[in-house]
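everything below, folded, please.
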Amino acid sequence: MRQAVTVSLPKELKVQLDRMSKREHLNRSDVVREALQQYLVRQDFHTLRRGFMLDAQKRGIFTDEDVFRVVS
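Coordinates of the predicted model:
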């Protein structure tokens, strides 16, 4: 079930949103929904990456060569 969310945008961002919506033949909601999905996936990736990097550093893995050494 979808729920409405109200978002305030600076004027120029709204102009860009409208321009993109028209160019892509999508409504504003579709463009914002896709952009938000991409943003959330990217944030999840960065969170996972930070965790993996901390774990790797604890294991003494800092460079590509360290990775190759461990997996070889």
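
which parts of the protein are helices?
11-24, 28-58, 64-71 (DSSP state H).

which one of those helices lies closest to residue 4?
Nearest to residue 4, of all those, is helix 28-58, at 8.9 Å by CB to CB. C-beta: built from backbone N, CA, C; applies to glycine.

orientation of that closest one relative to helix 11-24 in degrees?
Taking axes from the mean of the first three to the mean of the last three CA atoms, to 10 degrees, helix 28-58 and helix 11-24 form an angle of 110 degrees between their directions.

for stretch 1-8, how far is the first residue from the last?
23 Å (CA to CA, to the nearest Å).

quick one: the residue nearest the centre of the chain from residue 48, how far?
Central residue of the chain (CA atoms, centre = their mean): residue 42, 2.4 Å from the mean position. According to CB to CB, to the nearest Å, residue 42 stands 11 Å off from residue 48.

list the buried residues in stretch 28-44.
31-32 (16 or more other CB atoms under 10 Å).

so which residues make contact with it?
Stretch 28-44 is touched from outside by 7, 17-18, 20-21, 24, with contacts defined as CB atoms under 8 Å, 6 or more residues apart in numbering.
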